[in-house]
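The following block contains a protein sequence and its predicted model.
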Amino acid sequence: MKRGDSGSGWKWEQQSLGFLHGTKDAKESARISSTKEEFESINIELDILRKRKKTLTASLKRQEELFHIAHTEVQQIEEEIIAIQNTSPFNDEVLENLMFSTAFLEATKEEFKSLRPFD
């Protein structure tokens, strides 16, 4: 082997290793880029889910308030009905109040049933 041949072979090996190293860097760079894109996508999805949670929490809170109001109204009406029923004697005005309260109670119960806690 001549001395010049040995040197050129060595140079070729260096170039080959440089190419392989460059290919490895390109693959790593592509993986990093892909991971960053996936991370960004996950962060966007997380933000969307946080906003949805906030909306659902507010909706649930409002539904709970409406439920409490309706429940309180039903209790008050039931108390009024009991008070009217316990009143003696039954005259026309008492009976009319009782019928009105009963109708109002039924309407409130229907409204109560129509509440949807997660809308």
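That came in fine, so what should we check first?

From now on I want contacts and neighbour counts done on CA atoms only, so please keep to that.
OK.

wait, doesn't S101 sit right on E79?
No - using C-alpha atoms under 8 Å, S101 is not in contact with E79, being 10.1 Å away.

quick one: average pLDDT of stretch 99-117?
Average pLDDT, stretch 99-117: 82.

burial count for V74?
A count of neighbours around V74, defined by other C-alpha atoms under 10 Å, yields 19.

Oh, that last question was meant for E45, not what I typed.
For E45, the count of nearby residues is 12 (other C-alpha under 10 Å).

Give me the pLDDT value at it.
On the pLDDT scale, E45 is placed at 97.

go on, T23?
T23 is assigned a predicted lDDT (pLDDT) of 73.

That one: helix or strand, and which one exactly?
Using DSSP states H and E, T23 sits in helix 3-86.

and the next element down the chain from that helix?
Per DSSP H and E, helix 3-86 leads on to helix 92-114 as the next helix or strand towards the C-terminus.

any idea of the angle that next one forms with helix 3-86?
Interaxial angle of helix 92-114 relative to helix 3-86 (axes from the mean of the first three to the mean of the last three C-alpha atoms, to 10 degrees): 170 degrees.

who are the neighbours in contact with A103?
By C-alpha atoms under 8 Å, 6 or more residues apart in numbering, no residues touch A103.

let's see 10 Å
Shown in contact with A103 (C-alpha atoms under 10 Å, 6 or more residues apart in numbering): N97, K109.

what do you get for R50?
Counted by C-alpha under 10 Å, 6+ apart, R50 has contacts I44, L56.

what's the distance between it and T102?
Using C-alpha to C-alpha, to the nearest Å, one gets 44 Å for the distance from R50 to T102.

Same question for R31.
Applying C-alpha to C-alpha, the value for R31 to T102 is 71 Å.

Between those two, which is the more surrounded one?
T102 (16 against 12).

Can you mark which positions in stretch 41-60 are buried?
Across stretch 41-60, burial judged by 16 or more other C-alpha atoms under 10 Å covers S59, L60.

An error on my part: the question was meant for stretch 102-110.
Those would be T102, L105, T108, for stretch 102-110 by 16+ other C-alpha under 10 Å.
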